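Trainee: Kindly return the folded structure for what I paste below:
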Amino acid sequence: MDEEMTTEFAYDESAVPCDQTDIYSFGKVYVPILYSLVFIIGLAGNLLVFFTIVKSGHQKSITDIFLLNLAISDLLFVISLPFWGYYTVHGWTLGNLSCSIVSSFYYIGFFGGMFFITIISIDRYLAIVHATIFLKGRKARYGFLTSLIIWVLAILCAAPHFVFIQKLEHTCTTQYPKNLEESWPIFCNLEINIAGFLLPMGIMSICYLQIIKTLFTCKNRRKIRAIRLILQVVLVFFLFWTPYQVSIFLQTLQIFNVFEGCNTSRLLNYTMHATETLAFSHCCLNPIIYAFAGEKFRKYLHHLVLKILSFICFCGPCSHYHGRAPSSLTENAPTSNQTQNTSEQEASAFL
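Mentor: Predicted structure coming up:
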């Protein structure tokens, strides 16, 4: 893991010539606990989204595909956390290959999650603001193609962060070539800030602002709930990720010796501990924010639960648990002649 997203490089004693023992101790106690909680909750929620969509048994909509890929991105990310938690306490006891694989999961999951959150915002914008124009173009095959492109971009953006990862003794750490020792960490930090936060946040804000304007013109009585949910999506994303992104930026400034002194360095390291766990826990909320908030998704999840209950009831008293699932988790049949009705239906389906 790089210095911007790992506890090890946050405590580089060669760069920070002061006592960091208490910070090491703090990390060994709290990091494994917090990472384990994020892992358990994130794994359960995203697996539920994954199996709910995969087991729907019907043709997937473009939003189903994006939600599925967001869940996969979050799963890649959370799967790596137990390894980093164990590494904080015991060092890296696995091989060099596992060091590279876990690091790649971590960064690909991070960038993939950010990019799919962004594309979901764009998809909702097109579906609600330009409902009649893009309705025919929002086909599943375009969803698969877009997802493939996003995965390629995520791998390309993640590659600079794990390409130099190696196992050295009991560490899984980055070994930069001599000509890149100064410039590469700065590039990686700025990429995290820009591609991993500022661009997604900017696109989300623009898309959802236009959606809110469109909803205000609708007569749908549920528009207030939809607007409230949009504000929650943007606010939660901002609150959970901004402190961590600011910490990374401050560490970049520290490379330029903008911040000097032992106390300042210790404060930045403590801040990184606190903010990274807050940011990572956002993947636990993604299933609630992007999947379970949708009406159609909740209906199918309810159907899936009842189907499971009917399966385990062998004696017959659960036969009433059968029901018809929606043909798509986010489908909604549009009216043929009314643009506003189409926007309202899309708002209900996607929000």
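Trainee: Quick check: phi and psi at T173.
Mentor: Main-chain torsions, T173, degrees, to the nearest 10: phi -140, psi 170.
Trainee: partners of it in the sheet?
Mentor: Under DSSP bridges, the beta-bridge partners of T173 are Q166.
Trainee: Burial check on it, number of neighbours?
Mentor: 21 (other Cβ atoms under 10 Å). Every C-beta, even on glycine, is put in place using the N, C-alpha and C of the backbone.
Trainee: Kindly report the same for the one 3 residues further on.
Mentor: When counting by other Cβ under 10 Å, one arrives at 15 neighbours for Y176.
Trainee: for it, what are its contacts?
Mentor: Y176 makes contacts with F164, W184, P185, as judged by Cβ atoms under 8 Å, 6 or more residues apart in numbering.
Trainee: do I72 as well
Mentor: Contacts of I72 (Cβ under 8 Å, 6+ apart): N46, F50, G112.
Trainee: ok, back up a step: any idea which of the contacts of Y176 is closest to I133?
Mentor: For these, the closest approach to I133 (Cβ to Cβ) belongs to W184, at 43.7 Å.
Trainee: Could you check which helix or strand contains that closest one?
Mentor: Using DSSP states H and E, W184 sits in helix 183-193.
Trainee: so how far is that helix off the chain centroid?
Mentor: On the basis of Cα atoms, centre = their mean, to the nearest Å, helix 183-193 is displaced by 20 Å from the centre of the chain it belongs to.
Trainee: Which helix or strand lies directly C-terminal to that helix?
Mentor: helix 199-216.
Trainee: Am I right that T52 is in contact with K299?
Mentor: No - counting by Cβ atoms under 8 Å, T52 stays clear of K299, with 10.8 Å between them.
Trainee: Tell me where the model's unsure across the stretch 201-350 of the chain.
Mentor: Scanning the stretch 201-350 of the chain for pLDDT under 70 picks out 220-222, 293-296, 300, 304-305, 308-350.
Trainee: would you list every one of the helices in it?
Mentor: Remark: helices assigned in the stretch 201-350 of the chain by DSSP state H, counting those that start in this stretch are 223-255, 262-280, 282-286, 295-312, 339-350.
Trainee: Helix 183-193 and the first one, what's the angle between them?
Mentor: Taking axes from the mean of the first three to the mean of the last three Cα atoms, to 10 degrees, one finds helix 223-255 and helix 183-193 inclined to each other by 170 degrees.
Trainee: Could you tell me the angle between the helix holding W184 and helix 199-216?
Mentor: 10 degrees.
Trainee: which secondary structure elements does helix 183-193 contact?
Mentor: helix 140-162, helix 223-255 (3 or more Cβ pairs under 8 Å, 6 or more residues apart in numbering; DSSP states H and E).
Trainee: how much distance is there from the longest one to the middle of the chain?
Mentor: Right, the one you point to is helix 223-255. Once both centres are worked out by Cα atoms, centre = their mean, helix 223-255 turns out to sit 12 Å from its chain's centre.
Trainee: buried ones in that helix?
Mentor: Across helix 223-255, burial judged by 16 or more other Cβ atoms under 10 Å covers 223, 226-227, 230, 233-234, 237, 240-241, 243-245, 247-252, 254.
Trainee: next one: the first one
Mentor: Judged by neighbour count (16+ other Cβ under 10 Å), helix 140-162 contains these buried residues: G143, T146, S147, I150, W151, A154, C157, A158, P160, H161, F162.
Trainee: now stretch 257-274
Mentor: In stretch 257-274, the ones that count as buried by 16+ other Cβ under 10 Å are S265, R266, L268, N269, Y270, T271, M272, H273.
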